[in-house]
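Visitor: pasting the structure only:
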């Protein structure tokens with residue numbers, strides 16, 4: 001994994017191969033952040049990264065100067081690794097790393113958010129419930145929700161759908177309040 005831009009630009013992060021995660025490819029991540037660059041004032045942005053895995057999205061947002069990044073993942077090994085790497089990169093003062101079920105955690109989150117990102121496993125069966133939870137959450141009031149998923153899925157019929165972009169086998173669906 002490579003950090004594309006910001007204070008940590010060019011850093012290569014090698015996560016242990018035994019972690020249960022499928023990181024967003026550098027190509028797809030770079031494309032996503034090129035889109036977000038025109039929409040987000042990073043210094044005043046609070047990001048929620050649900051199903052954070054090894055933290056590719058979280059680390060990119062922190063590198064770009066995000067005010068706070070909440071990284072939520074259920075797997076102890078990924079949370080431990082992400083905690084360690086944010087300390088090594090000296091961004092742990094803005095990183096809020098949480099071990100827990102993303103859906104349960106989101107139900108209890110009470111703070112504001114500007115960008116909500118979710119990258120559940122490709123075989124995830126609860127997309128409809130996840131989208132419903134996020135778009136009905138008070139944090140979504142002024143936020144942008146980006147859902148990463150397997151190419152071929154479409155959420156274009158959702159009332160909050162804004163656009164979908166596909167990069168290789170990965171698609172990003174953008175939902176707005």
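Guide: On my side now, so go ahead. Predicted model, so just to flag it, every value in this text is computed and none were measured.

Visitor: ok, and what's touching the one helix or strand in the chain whose mean pLDDT sits lowest?
Guide: Every helix and strand of the chain was ranked by mean pLDDT, DSSP states H and E. The lowest is helix 26-37, at a mean of 93. Under the criterion CB atoms under 8 Å, 6 or more residues apart in numbering, residues 1-2, 4-5, 24, 56-57, 60, 64, 115, 144, 146, 148, 165, 167-168, 170, 172 lie in contact with helix 26-37. Bear in mind the C-beta positions are built from the backbone N, C-alpha and C, glycine included.

Visitor: quick one: strands adjacent to the helix or strand that comes right after that helix?
Guide: Note on helix 26-37: by DSSP states H and E, the next helix or strand toward the C-terminus is strand 46-50. Paired strands of strand 46-50, with direction, are strand 68-73 (parallel), strand 115-118 (parallel) (DSSP bridges).

Visitor: So what angle separates the directions of strand 46-50 and helix 26-37?
Guide: 150 degrees (axes from the mean of the first three to the mean of the last three CA atoms, to 10 degrees).

Visitor: Show me what counts as buried in strand 46-50.
Guide: Within strand 46-50, the residues that qualify as buried are 46, 47, 48, 49, 50, counting by 16 or more other CB atoms under 10 Å.

Visitor: Report the contact partners of the residue nearest to residue 150 when sequence neighbours are not counted.
Guide: If the residues on either side of it in the chain are set aside, residue 150 comes closest to residue 122, at 4.7 Å by CB to CB, 6 or more residues apart in numbering. Residue 122 sits next to 22, 149, 150 when contact means CB under 8 Å, 6+ apart.
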